[in-house]
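> Quick one: sequence and predicted model below, then my questions.
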Amino acid sequence: MPHIHVIHENAAWLEPLAAALDRQRLLWRDWFLDHGVVDLSRPPPEGVFYNRMSASSHTRDHRYAAELTASVLAWLEAHGRRVVNGGRALDLEISKARQYAALEASGICTPDTVLIAGKELLADAARQRFGADPFILKPNRGGKGLGVRLLQSPEALADYVESADYEPPVDGLNLLQQYIRAPVPLITRAEFIGGRFMYAVEVDTSDGFELCPADQCAVGDAFCPVGEEARAKFTIIDDIDAGLKRRYEAFLARNNIGVAGIEFITNAEGAVYTYDVNTNTNYNPDAEARAGRFGMETLARYLGAELLSLRA
């Protein structure tokens, strides 16, 4: 009998979805894909395959999990299996440079970005492109906001890349990116299931750039100055600009992405810049409890409907 097959490499991140699938009494299997043997000469099992492979898998000692998953997804798709977040989604998950090209092709504005291979080239590239303006350094393949740093000058960048704190990117590629100054330290993450908008989350960035919303990534709430009301790090809002939402949904359809969180920031002039697409998305339980909205339940229903459609 066909099942839902959940492809992943992080058991902690799977727990909320597993609970939702079980609550809805759906037939599903856990496919932990960090190593193994796959006979490509045989057909895959029947069912719906949901890919949750993460760009940050290498930080959990699963160095080649993404590469293995790319081959498995190609095998599944070659046999006509229903794959949610297939090969194209994974390709964008593990490369921000390719994300930006795909976003721009869909008419979605991204920050000015320079791609660099070779850490010895970073400071000079920053000097030529950004001069005395602050800028962001990030790995092309990251995840959870890891390795993202705000730097104030090329000299500060040169000192950092020569220090023991420097984290070389796993694919050898760094990005230097325009720093978008927001009037308040907030970014917005729009969540989509089945290619359709579900809700958005405002994220307080006062504490830095590690923005993974899962319980296991929690860094605590960010608080306003004394005397003001405390603000949670993650706060659900019901909607975003209608035009931006349409462009995001068209982008997801164009790239065959069923489930995603798309992050954007708005500057003081009201211009919107989109800077990250997360195809292995998680939901913050505290924010959801406050709002009465539950992403994993919606996701489980979507996967269940896909399985029912396959059986029909």
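It's in.

> Now for the nearest residue to Ala268 once chain neighbours are set aside, how many residues are close by?
Excluding its sequence neighbours, the residue lying closest to Ala268 (CB to CB, 6 or more residues apart in numbering) is Pro183, at 4.7 Å. C-betas here are computed from N, CA, C, even on glycine. Here the count is done by other CB atoms under 10 Å, and Pro183 has 10 residues near it.

> what do you get for Ser309?
The burial count for Ser309: 10, using other CB under 10 Å.

> if we can go back for a sec, ok, now how distant is the residue nearest to Ala268 from Asn256?
36 Å (CB to CB, to the nearest Å).

> Over to Ile136?
From Ile136 to Asn256 the distance is 29 Å (CB to CB).

> Tell me the confidence at Gln216?
Gln216 is assigned 39 on the pLDDT scale.

> where along the stretch 101-250 of the chain do the helices fall?
Ranges of helices in the stretch 101-250 of the chain, per DSSP state H, counting those that start in this stretch, are 122-130, 154-161, 242-254.

> Where does pLDDT dip in the stretch 201-312 of the chain?
Along the stretch 201-312 of the chain, segments meeting pLDDT under 70 span 208-231.

> Specify which residue of Ile136 and Asn256 has the higher count of neighbours.
Taking other CB under 10 Å, Ile136 and Asn256 do not tie; Ile136 has more neighbours (19 against 15).

> my guess is Arg301 contacts Leu26, does it?
No. The criterion here is CB atoms under 8 Å, and Arg301 misses it with Leu26 at 9.1 Å.

> what's around Leu146, how many residues?
By the criterion of other CB under 10 Å, Leu146 has 17 neighbours.

> who touches it in this structure?
Counting by CB atoms under 8 Å, 6 or more residues apart in numbering, Leu146 touches 56, 59, 139, 167, 210.

> Please tell me how far the residue nearest to the second one when sequence neighbours are not counted sits from Ala242.
Distances taken as CB to CB, 6+ apart place Leu146 nearest to Thr59, at 6.5 Å, with adjacent residues excluded. Per CB to CB, Leu146 is found 33 Å from Ala242.

> would you list every one of the strands in the stretch 201-312 of the chain?
Secondary structure of the stretch 201-312 of the chain, counting by DSSP state E, counting those that start in this stretch: strands at 234-237, 259-266, 272-278.

> same check, this time on the stretch 51-200 of the chain
Using DSSP E, counting those that start in this stretch, the strands of the stretch 51-200 of the chain run over residues 82-84, 113-117, 135-139, 149-151, 173-178, 186-193, 196-204.

> Distance to Tyr160 for these - can I get that in TSV?
Formatted as TSV, the strands of the stretch 51-200 of the chain follow (distance: least, CB to CB, whole Å):
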stretch	distance to Tyr160
strand 82-84	39
strand 113-117	14
strand 135-139	8
strand 149-151	7
strand 173-178	11
strand 186-193	23
strand 196-204	25
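
> residues in contact with Ala158?
122-123.

> how does the chain divide into domains?
Following automatic domain parsing, one gets these domains for the chain: 3-93+302-311, 113-178, 182-293.
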